[in-house]
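> just to be clear, the model below is a prediction. Sequence and coordinates:
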Amino acid sequence: MLIINNLHAEISGKEILKGISLKIKPGEVHAIMGPNGSGKSTLASVLAGRDMVNVTAGEVIFEGRNLLDLSPEERSHAGIFLGFQYPVEIPGVSMVNFMKTAINEIRKAKELDPLSPSDFLKLMREKKSLVEIDSGLTSRSVNEGFSGGEKKKNEIFQMAMLEPKLAILDETDSGLDIDALRVVANGVNKLKTPENASIIITHYQRLLDYIVPDFVHVLYKGRIVKSSGKELALELEEKGYDWIKKELEQI
Amino acid sequence: MRNSIFMKELSIYKEQNLDFGRLFDHLGKLNGHEPDFMKQTRKKASKAFLREGLPGRKDEDYKHLLIDKLFERDYKYRFLKEIVHFDINHLFKCDIPNLNTHLITLLNGFYHGEADQLIELPSGIRYGSMQAASKEMPHILEKHYSKYAGFGKDSFVDLNTSLARDGVFIYVPKNTVFNKPIQIVNLILSDKELLIQPRNLIVLEENTSFNLVVCDHALTMKYSLGNSVTESYVAQNAKYDFTLLQNEHNNASLINHHFIHQEKNSRVETNTLSLHAGLIRNNHFVTLNGEGAENYANGLYLMDKDQYIDNWVYMDHAKPNCKSEQLYKGVMDGQSKGVFSGRILVRKDSQATEAYQRNNNILLTDDAKMNSKPQLEIYADDVKCSHGATVGQIDEEAMFYLRSRGISKKEASLMMMYGFTNDVIRRIRIDSLRERIEELVYKRLKGELARCDNCGYLNM
């Protein structure tokens, strides 16, 4: 589904990603862990098409297409979804209008007719209960005045609405209390199918108690320095990142 | 000899050139039937005008407005109503669905329709032409006319006070709650380039509730200059909602003054919506003259091309325990220029004042300019005041957020601008009007010419 090959990227002249390679197949959950400043969020930004990140080498192929050639909206149409670490408040734009526009633009790209208002409302109701989001939130402006937890739940709600093939969740667990964490994780688990995949970017092991990854990768100084099964996350939790740093120094 | 005098007098009935000295001379011949206080008022105002002249560049309050350019056109002025035989319904019909209003039309600044008598609604509200009011309710007129606009404060106001011949008068008697709005439509229809000067007076007596909608609307593409003055008196416990919709064309210039005088525990909310015109200057004067009075002044402007917008708000907290909020927002495109000047005056004994002001702008191009100037003059010590002005571009982070959800750049920018303006639009309380304005703003932001469908132009 997704092939990342020797990806190098910089932000305002500073190289952050120094050769990342990764393969993701449908149905898989990949966790990317690593200490602060290792390049986790930059990787998410490159995949979603944020233009402040400059790709200097390598390629990203998504379902046979060169992802880096696509605009952020075209990537969304192709089935990429980024759950933001810091969801943006957009005053005056209602959640309903936002979601309706997003869904219909994606449908338009697939040459489908827009959803009828009643089908749209039905879909909203369905997904709201699926991700346990407070129905009051969707009648407000996008993220405006939402608490940290509400913003993150709202990301999962949007993911449920847009049904992406590949979801990248960038530190979705940061700043969440245990209840919100559970809601977010439940949402992700319920949305999992054999056809879609997700990349969970996280600093802590905590989220992985609820979402069980197939693979865990450790990102350090712009490179994936270790990849393994879910047991790697537990090892990291126990020993911290220093263990990996030391191991690297020995090499 | 006789003949020539007759000819000379007849000429007053025609369009005049804007030779101010001569215009004032003519006036003496025309105001014979007016009540004495009106004559005195005109005299005082014309004296002030002739002393000060039109504001110049050095005039701080009109610094950015190019007065010379404004008067480059060869505008004509009419002292008397032109006899136009037409059915207003053929030319104009406001098609906002369910906007159920009492419609008043002004044609080139003169009351159109039965101008000799005031109309009395079952609720007791009386309205009609200013000329009829001066005959039927001279005592009310004398009590309020020019009492809030004053003299020598602003030359344009003096010009209007000196020369204005007609306009709308509305009287809301004590304890009248009137939910059906009155709508005034200022129509311009002429083959000449006109200066029009309507003069309106709205009087709300104690314990009343009243809603007024004013639409500025030219029916032809001719150049025109409007210099209108509205005085609104809002007595104790009265509630007044006022919406002004300025949706003209690039050849129309509007200088508009609204003086609002509020007494104890009154509440006034104004929405000034400037969607389209070549040049707009809105002078908005509020005097909170009784404890517990509240004023909410909202404004929205969408400028494009070489258009110019200048909003000047003056909030005078003359008594303690009053509250005011100014919210003006604008989207500036093309090479448009804008000014927001918001003054808050808290007088020495006006303790426990709350006064807030916010002016937010989005500039869509590098050539668009906005000048935002808050002025706070506070002489009391127990006050809550704040002001904030922002001039910025579209938020890049929000743009990326929307695009990452599949929304195109164009649509995302439209959504955000619309969201930005919605903060003001949602404050319009008449549902059908708000919906129509939402629609007009959306079209305007999309770059389409936004007009109500039935408000087309005539070729003249």
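Received it, and whenever you're ready, just let me know what you need. No experiment lies behind these values; they were computed from the predicted model shown.

> quick check: closest non-adjacent residue to whichever residue of the stretch 351-460 of chain B sits closest to chain A.
Going by CB to the nearest CB, chain A is nearest to residue B:419 of the stretch 351-460 of chain B, at 2.8 Å. Using the backbone N, CA and C atoms, a C-beta is placed for each residue, glycine as well. Distances taken as CB to CB, 6 or more residues apart in numbering or on different chains put residue A:92 closest to residue B:419, at 2.8 Å, once the chain neighbours are dropped.

> what strand or helix carries that neighbour?
Using DSSP states H and E, residue A:92 falls within strand A:90-94.

> show me what the next helix or strand after that strand is packed against.
Following the chain from strand A:90-94 toward its C-terminal end, the next helix or strand by DSSP H and E is helix A:95-109. The contact analysis (3 or more CB pairs under 8 Å, 6 or more residues apart in numbering or on different chains; DSSP states H and E) places helix A:95-109 against helix A:72-78, helix A:117-131, strand A:141-142, helix A:148-162, helix B:409-425.

> what do you get if the cut-off is 7 Å, keeping everything else the same?
Applying 3 or more CB pairs under 7 Å, 6 or more residues apart in numbering or on different chains; DSSP states H and E, one finds that helix A:95-109 makes contact with helix A:72-78, helix A:117-131, helix A:148-162, helix B:409-425.

> now that helix: buried residues?
Judged by neighbour count using 16 or more other CB atoms under 10 Å in any protein chain shown, the buried positions of helix A:95-109 are A:95, A:98-106.

> and for stretch B:174-192?
Applying 16+ other CB under 10 Å to stretch B:174-192 flags B:176, B:178, B:181-190, B:192 as buried.

> closest to chain A out of these?
Among the buried residues of stretch B:174-192, and counting by CB to the nearest CB, the member closest to chain A is residue B:181, at 25.3 Å.

> nearest spatial neighbour of the closest one, skipping sequence neighbours?
Residue B:181 sits nearest to residue B:211 (CB to CB, 6+ apart), 3.9 Å away.

> and what of residue A:48?
Going by CB to CB, 6+ apart, residue A:48 has residue A:82 as its nearest residue, at 3.9 Å.

> in the sheet, who's paired with the one you found?
Here residue A:82 sits in beta bridges with residue A:168, going by DSSP bridges.

> who touches it in this structure?
By CB atoms under 7 Å, 6 or more residues apart in numbering or on different chains, residue A:82 lies in contact with A:44, A:48, A:168, A:170, B:404.

> just the closest of those residues to residue A:115, please.
Residue A:115 lies nearest to residue B:404 out of the contacts of residue A:82, by CB to CB, at 20.1 Å.

> quick one: that closest one from residue B:352, how far?
48 Å (CB to CB, to the nearest Å).

> of those two, who's got more company?
Shown here are residue B:404 and residue B:352; by other CB atoms under 10 Å in any protein chain shown, residue B:404 has more neighbours (25 against 13).

> up against chain A, what does the stretch 251-400 of chain B have?
Neighbours of chain A within the stretch 251-400 of chain B, by CB under 7 Å from any CB of the partner chain: B:397-398, B:400.

> only whichever of the residues you listed are buried, select them in ChimeraX.
Buried subset of those, written as a ChimeraX selection, criterion 16+ other CB under 10 Å:
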select /B:398,400
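
> circling back: go ahead and confirm the residue of the stretch 351-460 of chain B closest to chain A touches residue A:94.
No - if you go by CB atoms under 7 Å, residue B:419 and residue A:94 don't touch, sitting 8.2 Å apart.

> overlap in contacts, those two.
In contact with both residue B:419 and residue A:94: residue A:141, using CB under 7 Å, 6+ apart.

> quick one: the helices in chain B?
Along chain B, counting by DSSP state H, helices occupy B:2-11, B:20-30, B:36-52, B:67-70, B:88-91, B:130-136, B:138-144, B:155-163, B:396-403, B:409-425, B:431-445.

> list the buried residues of the fourth one.
Of all the residues in helix B:67-70, those buried under the rule 16+ other CB under 10 Å are B:67, B:70.

> got a list of contacts for it?
B:54-56, B:225, B:253, B:279.

> CSV for those, including neighbour count?
Output for these, formatted as CSV (neighbours: other CB atoms under 10 Å in any protein chain shown):
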residue, neighbour count
B:54, 16
B:55, 16
B:56, 12
B:225, 23
B:253, 24
B:279, 22
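
> name the strands paired with the one helix or strand residue A:9 maps to and say parallel or antiparallel.
Using DSSP H and E, the element containing residue A:9 is strand A:2-11. Applying DSSP bridges, strand A:2-11 is found paired with strand A:14-24 (antiparallel), strand A:53-62 (antiparallel).

> next, count neighbours for the residue in chain A positioned nearest to chain B.
Nearest to chain B in chain A, going by CB to the nearest CB, is residue A:92, at a distance of 2.8 Å. A count of nearby residues for residue A:92, using other CB under 10 Å, gives 21.

> list the residues that contact it.
A:141, B:419-420, B:422-423.

> same check, this time on residue B:201
Residue B:201 touches B:130, B:141, B:144-145, B:169, B:231, counting by CB under 7 Å, 6+ apart.

> state the distance from it to residue A:95.
To residue A:95, residue B:201 is 45 Å away according to CB to CB.

> repeat for residue B:244
Residue B:244 is 32 Å from residue A:95, by CB to CB.

> before we move on, what about residue B:294?
Counting by CB to CB, the gap from residue B:294 to residue A:95 is 31 Å.

> and the residue of the stretch 201-350 of chain B nearest chain A?
For the stretch 201-350 of chain B, CB to the nearest CB, closest residue to chain A: residue B:329, 9.8 Å.

> that residue pairs with what?
Going by DSSP bridges, residue B:329 forms beta bridges with residue B:300, residue B:360.

> wait, it sits on residue B:421?
Yes - using CB under 7 Å, residue B:329 is in contact with residue B:421, at 6.3 Å.

> up against chain A, what does the stretch 51-200 of chain B have?
Counting by CB under 7 Å from any CB, no residue of the stretch 51-200 of chain B is near chain A.

> where does the prediction get shaky in the stretch 51-200 of chain B?
In the prediction, the stretch 51-200 of chain B carries residues with pLDDT under 70 at positions B:57, B:84-99.

> where exactly do the strands run in it?
B:76-77, B:102-107, B:110-112, B:119-120, B:126-129, B:168-172, B:182-188, B:194-196, B:199-204 (DSSP state E, counting those that start in this stretch).

> in its sheet, what does the third one sit against?
This points to strand B:110-112. Assessed with DSSP bridges, strand B:110-112 is paired to strand B:102-107 (antiparallel).

> which residues touch the strand it pairs with?
Contacts of strand B:102-107 (CB under 7 Å, 6+ apart): B:84, B:88, B:94, B:112-113, B:127, B:167-168, B:180, B:182-187, B:189, B:198.

> pull the residues that contact the helix or strand bottoming out on mean pLDDT in chain A.
Ranked by mean pLDDT, DSSP states H and E, the helix or strand of chain A with the weakest confidence is helix A:242-250, at a mean of 78. Residues outside helix A:242-250 that contact it (CB under 7 Å, 6+ apart): A:218, A:220, A:225-226.

> may I ask which two of these are separated the most?
A:220 and A:226 (8.2 Å).

> residues contacting residue B:321?
Per CB under 7 Å, 6+ apart, neighbours of residue B:321: B:291-292, B:352.

> go on, residue A:91?
Residue A:91 neighbours (CB under 7 Å, 6+ apart): A:141, A:144, B:419, B:423.
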